[in-house]
Structures are given as structure tokens and as C-alpha cells.
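**Q** Any chance you can model this:
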Amino acid sequence: MGGKQDLIKSLTPLLKEKGYKKIRQTWRKPGPDLTIVFNIQNSYYDKEDFYINLGIVINKLMEE
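**A** Modelled structure (predicted):
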């Protein structure tokens, strides 16, 4: 089974095709009301482990 870097390599073109922008290990897809976030987080305890985080940002809440 592949590791984190293999996952990142395979996800990047798929998510880019769907409109996601990548910064480091985080992909964001902005929309008019929501931004969808997909993140691969390194484990603090073991460099072979990682976490997949999914999130939604409500854009109106981020406005100043």
C-alpha cells in the first residue's frame, strides 16, 4: 500500500480537475457561499501516519 506522498500525487490531478487549488497538503475549492477544504495532516507521533481532514468554510463568516 502506498504512503502519504503517493496519495498526494494521485489526488492532486483529480482535485485540480474538479476546481480545487492546492497549497502544500491542503486543497480548497471556493464557491459563492462556501469553500470546501480537503487537507492531509501529518501525525505528530509517527511520520508514517497521517489524517485526512474535510471541512467547509462559510464565506460570510470570514468577511471582515
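**Q** and the one helix or strand in the chain whose mean pLDDT sits lowest, how far out from the chain's middle?
**A** Across the helices and strands of the chain, mean confidence by mean pLDDT, DSSP states H and E is lowest for helix 59-62: a mean of 89. Remark: helix 59-62 is offset 19 Å from the chain centroid, using Cα atoms, centre = their mean, to the nearest Å.
**Q** Mind listing what's buried along it?
**A** Across helix 59-62, burial judged by 16 or more other Cβ atoms under 10 Å covers no residue at all. All C-beta spots, glycine's among them, are computed from the backbone N, C-alpha and C.
**Q** any weak-confidence spans in the chain?
**A** Scanning the chain for pLDDT under 70 picks out 1.
**Q** Now do the helices in it.
**A** 4-17, 59-62 (DSSP state H).
**Q** Return the most buried member of these.
**A** Mean neighbour count (mean count of other Cβ atoms under 10 Å) peaks for helix 4-17 among the helices of the chain, with a mean of 13.
**Q** what packs against that helix?
**A** strand 21-23, strand 26-30, strand 34-42 (3 or more Cβ pairs under 8 Å, 6 or more residues apart in numbering; DSSP states H and E).
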